[in-house]
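Q: I'd like to go over a predicted model; first the sequence, then the structure.
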Amino acid sequence: MKFGRPDTEFMKWRWKPDECQLPLFDAAQFLEIARGKSMAFVGDSVARNQMESLLCLLAHVSLGIFGCVTFIATSIWSPFLVKSRVADINGNSRNGIFTLYLDEADEEWSKEIEKLDYVIVWAVQWFFGPMLLYQNDRLVGCYNRNQNNITSISMYHANRTAFETLVSRNNYTSTMFLRTFSAAHYENGEWDKGGNCGRTRPFT
């Protein structure tokens with residue numbers, strides 16, 4: 001609307017899963033269930049956006065009826081879930097090429113996760129970039145990078161292995177949710193190449 005979109009019907013759209021009556025989010029009920037709990041959204045900016053959206057939904061509830069409700073929500077920046085650094089194969093810093101250690105947890109979340117009741121994980125988007133992939137301190141392959149004598153490995157394998165490293169830790173009791181990849185909503189091009197979100201009717 002801020003940038004001139006004329007229609008408002010999209011504000012009434014709802015996601016409707018097949019064969020499921022999904023109730024509207026009840027902020028008061030959520031706060032009661034989450035009383036005394038802690039929750040972290042782990043991943044990249046999408047994870048942070050999810051936390052901000054949750055806080056916006058909760059902001060509409062009058063806390064007076066709950067007295068002092070303790071509920072902690074935070075976001076943890078960890079776009080790969082595993083230890084990573086920006087570098088090329090010779091160790092020289094180079095923007096956009098990441099070295100991932102697929103079997104080593106990222107300390108950003110691993111040092112916090114034991115304290116959390118709920119963890120919502122989103123980590124996909126950054127895996128589309130060029131990567132050098134290590135396991136057991138050994139270079140095992142690369143993705144989206146032409147490199148002689150290095151095996152090409154799919155980003156799906158890298159993403160799955162990183163997630164397995166996250167869930168394989170046995171020193172926490174958090175309930176974990178994996179948020180899967182969503183379809184792009186830009187049409188007629190990517191967001192930075194002329195794409196737009198001008199749809200006036202939902203997909204059927």
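A: Ah, there it is.
Q: Help me confirm that Phe127 comes into contact with Ala158.
A: Yes - between Phe127 and Ala158 there is a contact under CB atoms under 8 Å: 5.7 Å. All C-beta atoms are positioned from the backbone trio N, CA, C, and that covers glycine.
Q: shared neighbours, the two?
A: Tyr143 (CB atoms under 8 Å, 6 or more residues apart in numbering).
Q: So for stretch 150-170, what gets flagged as buried?
A: 153, 155, 158-159, 161-163, 165-166 (16 or more other CB atoms under 10 Å).
Q: show me where this structure has helices.
A: Ranges of helices within the chain are 27-33, 45-58, 107-110, 155-167, based on DSSP state H.
Q: Please write out the alpha-carbon positions of the first one in CSV.
A: Once side chains and other backbone atoms are set aside, the C-alpha atoms of helix 27-33 remain, and they are given as CSV (Å, rounded to 0.1, in the frame of the first residue of the first chain):
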residue,chain,number,x,y,z
ALA,A,27,-2.3,-14.9,21.0
ALA,A,28,-3.8,-15.2,24.5
GLN,A,29,-3.8,-19.0,24.2
PHE,A,30,-0.2,-19.0,22.9
LEU,A,31,1.0,-16.9,25.8
GLU,A,32,-0.6,-19.2,28.3
ILE,A,33,0.9,-22.3,26.7
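Q: Quick one: residues contacting the spatially most central residue of the chain.
A: Centroid check for the chain by CA atoms, centre = their mean gives Trp122 as the closest residue, at 2.2 Å. By CB under 8 Å, 6+ apart, the contact list for Trp122 reads 41-44, 46-47, 50, 178-179.
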